[in-house]
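*Asks:* quick one: sequence plus predicted model below, questions after.
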Amino acid sequence: MSQERWDVVIRFLNGPLLYQGDMVVRGPVVRFGSNPGPGGQKLDGYRALDDRHAVISAYQGGTVQIAPVGPNQVRCAPHENVDWSTVQPIRGPVFLSDGCAVHLGPPGRGATFTFVECRRLGVWQHQSLASEAADVGTTTENEASKVKQL
């Protein structure tokens, strides 16, 4: 098993997390549910989900699997435009590819998300981090370190 840490990028398609956009969840193991525990993705506001409903594992060069926890219902489809009532729940781990859709819970309830990608720890988007050192060239001397009142 690889010692690399992989993070998982998902996008929710319904419920309270719909407007969050692409979310990076810390891997290599991510638990999903209404109370997943430390390091898990808590799904508040979604009905019919167990405390620990499903687990995503990302190892070995970015291969990603999802598996239900116990008898919980997890459905996978190659795209998001499906009738979830026609998709059978998975019984064991299933590999995910970019763009796969996942539904947790029974049809008509639960959470639906798209698996966007898996990325290695430390991969950042260009200019997404800000620091005083980066701003020094655009400000006057010592201005970046000054404390100001509002």
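*Replies:* That came through, no problem.
*Asks:* use CA for all of it now, contacts and neighbours both
*Replies:* Will do.
*Asks:* what average pLDDT does the strand of greatest length in the chain get?
*Replies:* Ranked by residue count and defined by DSSP state E, the top strand of the chain is strand 111-120. The pLDDT scores in strand 111-120 average 94.
*Asks:* which secondary structure elements does it contact?
*Replies:* If contacts are counted by 3 or more Cα pairs under 8 Å, 6 or more residues apart in numbering; DSSP states H and E, strand 111-120 sits against strand 6-12, strand 101-104.
*Asks:* could you tell me the least trusted of those?
*Replies:* Mean pLDDT values for the helices and strands packed on strand 111-120 show the minimum at strand 6-12, a mean of 93.
*Asks:* so where's this structure uncertain?
*Replies:* Residues of the chain that meet the criterion pLDDT under 70 lie in 1-4, 122-150.
*Asks:* hang on, the earlier thing: with mean neighbour count added, can I get the helices and strands packed on strand 111-120 in a markdown table?
*Replies:* Supplementary listing: the helices and strands packed on strand 111-120 in a markdown table, determined by neighbours: other Cα atoms under 10 Å:
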| stretch | mean neighbour count |
| --- | --- |
| strand 6-12 | 23 |
| strand 101-104 | 24 |
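*Asks:* measure the nearest residue to R11 once chain neighbours are set aside to F113 for me?
*Replies:* Ranked by Cα to Cα, 6 or more residues apart in numbering and with sequence neighbours excluded, the top spatial neighbour of R11 is D22, at 4.7 Å. Shown here: D22 relative to F113, a distance of 10 Å by Cα to Cα, to the nearest Å.
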